[in-house]
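Visitor: everything below, folded, please.
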Amino acid sequence: MNYTKIQTLLDNHLKTYSGLPTLQLENTQEQYKTGKSFVRATLITSRPTRATVGVTGRDRLVGLYQIDVFTTLNAGVTQKNALVDGLVAHFPRTLVLADGDVTLNMEMSWAETGGREQQFYSARVMIEWACIM
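Guide: Okay, here's the model as predicted:
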């Protein structure tokens with residue numbers, strides 16, 4: 001499995017989103033200010049399954065790409081909803097990302113309920129992806 005390529009493909013695609021606020025990639029640290037939006041991306045992998053059988057069989061790997069969206073607290077949901085809707089649309093079900101021997105297919109993307117987190121209002125965008133290797 002090539003998790004490095006999978007994460008790089010997803011991170012690089014996220015970076016192409018127009019209007020992306022400050023981005024914190026997995027295991028990095030950023031300085032944040034109250035009242036300034038930011039997003040945090042995390043790759044979540046799962047156990048592979050057999051896609052084909054035999055000596056030359058291939059594996060199917062599925063997982064999630066979680067984008068945590070943080071917006072201004074006590075400012076309504078307009079800003080959060082616009083960012084969440086845009087990110088869901090940026091990872092459509094028809095999206096295919098590829099790099100050499102890795103082809104990544106987006107299976108589904110959706111938003112999860114928001115809530116307060118310290119001095120921010122947050123919500124999650126979940127992208128389900130699949131890869132045959």
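Visitor: is Ser18 in a helix, a strand, or coil?
Guide: Under DSSP: H, G, I helix; E, B strand; the rest coil, Ser18 falls in the coil class.
Visitor: run a quick neighbour tally on it.
Guide: When neighbours are defined as other C-beta atoms under 10 Å, Ser18 has 6 of them. Using the backbone N, CA and C atoms, a C-beta is placed for each residue, glycine as well.
Visitor: ditto for Ala111
Guide: Counted with other C-beta under 10 Å, the neighbours of Ala111 add up to 18.
Visitor: now swap in the one 10 residues further on and tell me
Guide: Using other C-beta under 10 Å, Tyr121 has 20 neighbouring residues.
Visitor: helices along the protein, start to end?
Guide: 3-15, 78-90 (DSSP state H).
Visitor: tell me which of the ones you listed lies nearest to Leu61.
Guide: Among the helices of the chain, helix 3-15 comes nearest to Leu61, with 7.8 Å by C-beta to C-beta.
Visitor: circling back to that earlier point, okay if I get the helices of the chain as CSV plus mean pLDDT, distance to Trp110 and mean neighbour count?
Guide: Output for those, formatted as CSV (pLDDT from 0 to 100; distance: least, C-beta to C-beta, whole Å; neighbours: other C-beta atoms under 10 Å):
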stretch, mean pLDDT, distance to Trp110, mean neighbour count
helix 3-15, 95, 16, 16
helix 78-90, 95, 7, 16
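Visitor: sweet, I'm off.
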